[in-house]
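Asker: how would this look folded up:
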Amino acid sequence: MGLSSSGVGEGPTVSSIQRRRGVYWGVLLLLVGAMACSRPEPRPLVHEAYVWQRDWSPALSQALTDAPRELGTLRVLARERSGTQRAPVDIAVDVDALARSGREVVAVMRVEGTAPLEGVSLQEVAVLARAWRARGVRVRGIEIDHDCATAALAGYADWLERERVVLGNELSLSITALPTWSGSSALPRLASLPDDVVLQVHAVRAPTLFTAEQARGFVEAWARVTDRPFQVALPTYRVRLRDGTPLSAEPREVARFLAALRERPVAGVSGLVWFRLGHQGDTEAWSLPTLTAVVRGEPLAPRFLPRLVDAGGGTLDIVLENTGHVDAEAPTRLSLSGRLEVLDGVAGYSARGTSLVARTPPRLRAGEHRVIGFVRGSEVALALP
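Answerer: Residues are numbered from 1 along each chain as shown. Model prediction:
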């Protein structure tokens, strides 16, 4: 190889090598970025809801229309087999309200107990589903809600295989499932039989109703043992145990689980089914504004507004209103100022000095207001702590 007149070889210089390396790494970074940008986003989770009330009311019928638009399907309790004898009970469903809602519907039959399903047939609920469809309801299929004993899952699978023929090709089949089933060798076959599986992750281990960590563990354990897509049933209700212990599905806790699921999806999870759809008269379930806020991932900060309302005769009612969109416990203390002559509390509040104090404050649903006391005096003003 010859040398140039300057004594430097004609091969690549150090600066040119550095420039080429810079171009190489730049191109590589662009390719990596492009691959990351082209990575498909997780499919958005579908939302459905159970309508589980046994006594239908005008408020419940209205809730079918007022429910958040994200709830594309309603899973409606249509029939029960209750008690030790599993006596059949049909629910007096407002079928016209289902039709007016315009949403897809799954007719559900609940079978109480863990014993085998002898004498029970899917035809019982399929007849109802077909009748609803004839009246204009967008019926998608039927669901069996049966807390089968884990040791009996093989027999349950045999029953499903025999029974699903009564549905033909016109009705899909769903089943509810328990996390405890994930340890059974019969699960893969069982999960392959229905078109849809809904995994219940609430009220599984007493005395806990729901925690985000426990629910995540149930979901991940289920996903490890079956490759079939499944939905997750989440709670929206309060309940009291036989010993009087109150349990509640707190909106923030459920929202925390949902946020983590969106951030770190679990393979196989295709959607969420909310148990249950509440309404204005159902004080043990979330209000519709709260359900809407959780479904949409909106902030869940409570807002309470105290005000004085003239009750006549020189008396002012002390009213507390939840002006936010999340159900929440009211403040434990409300302070008053001015020249107070008489002060007393109701609804769990009692007077203490110039304040109203509640040892166990009431829970106010979004938009709810409640009289918590009354006062007489002049220049009276209210303030939350």
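
Asker: in the stretch 201-350 of the chain, which spans are helices?
Answerer: Ranges of helices in the stretch 201-350 of the chain, per DSSP state H, counting those that start in this stretch, are 212-225, 251-263, 288-296.

Asker: burial count for the residue nearest to Ser270 when sequence neighbours are not counted?
Answerer: Spatial nearest neighbour of Ser270, excluding adjacent residues (C-beta to C-beta, 6 or more residues apart in numbering): Pro229 at 4.3 Å. Placement of C-beta: from N, CA and C, glycine included. Other residues lying near Pro229 total 15 when counted by other C-beta atoms under 10 Å.

Asker: top strand in this protein by residue count?
Answerer: strand 369-383 (DSSP state E).

Asker: distance check, Ala347 against Arg333.
Answerer: 14 Å (C-beta to C-beta, to the nearest Å).

Asker: packing partners for the strand or helix carrying Thr73?
Answerer: Taking DSSP states H and E as the criterion, Thr73 maps to strand 71-82. Under the contact criterion of 3 or more C-beta pairs under 8 Å, 6 or more residues apart in numbering; DSSP states H and E, strand 71-82 touches strand 46-51, strand 87-90, helix 95-101, strand 104-111, helix 123-134.

Asker: and of these, who's closest to Ser172?
Answerer: Ser172 lies closest, by C-beta to C-beta, to one member of those: strand 104-111, at 7.8 Å.

Asker: show me what the closest one pairs with in its sheet, parallel or antiparallel.
Answerer: Its sheet considered, strand 104-111 pairs with strand 71-82 (parallel), strand 138-146 (parallel) by DSSP bridges.

Asker: quick one: work out the angle between it and strand 46-51.
Answerer: 50 degrees (axes from the mean of the first three to the mean of the last three C-alpha atoms, to 10 degrees).

Asker: how much does strand 104-111 deviate in direction from helix 123-134?
Answerer: Going by the same axes, to 10 degrees, strand 104-111 makes 160 degrees with helix 123-134.

Asker: what's the neighbour count on Leu153?
Answerer: Leu153, neighbours per other C-beta under 10 Å, totals 20.

Asker: who's in contact with stretch 173-187?
Answerer: 75, 106, 122, 141-148, 150-151, 153-154, 156-157, 160, 164, 167, 190-191, 193-201, 204, 218, 221-222, 224-226, 230, 233 (C-beta atoms under 8 Å, 6 or more residues apart in numbering).

Asker: endpoints of it, how far apart?
Answerer: 17 Å (C-alpha to C-alpha, to the nearest Å).

Asker: what do you get for stretch 132-146?
Answerer: Termini of stretch 132-146 sit 22 Å apart (C-alpha to C-alpha).

Asker: gap between it and the chain center?
Answerer: 21 Å (C-alpha atoms, centre = their mean, to the nearest Å).

Asker: and it, what's buried?
Answerer: Within stretch 132-146, the residues scored as buried using 16 or more other C-beta atoms under 10 Å are Trp132, Arg133, Val137, Val139, Arg140, Gly141, Ile142, Glu143, Ile144, Asp145, His146.

Asker: now the protein, which segments are flagged as low pLDDT?
Answerer: 1-42 (pLDDT under 70).

Asker: got the domain ranges for it?
Answerer: 48-296, 304-383 (automatic domain parsing).

Asker: right, so these: which one is the most enclosed?
Answerer: Per-stretch averages of neighbours, counted by mean count of other C-beta atoms under 10 Å, single out domain 48-296 among those, with a mean of 18.

Asker: tabulate the strands paired with strand 104-111 (JSON lines), appending distance to Ala212.
Answerer: Formatted as JSON lines, those follow (distance: least, C-beta to C-beta, whole Å):
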{"stretch": "strand 71-82", "distance to Ala212": "22"}
{"stretch": "strand 138-146", "distance to Ala212": "24"}
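
Asker: which among the ones you listed is found nearest to Ala293?
Answerer: Ala293 lies closest to strand 71-82 among the strands paired with strand 104-111, at 13.6 Å (C-beta to C-beta).

Asker: the closest one versus helix 288-296: what angle between them?
Answerer: 110 degrees.

Asker: tell me how far the nearest residue to Ala212 once chain neighbours are set aside lies from Leu187.
Answerer: For Ala212, ignoring the flanking residues on the chain, the nearest one in space by C-beta to C-beta, 6+ apart is Phe257 at 3.9 Å. Distance of Phe257 to Leu187, given as C-beta to C-beta: 23 Å.
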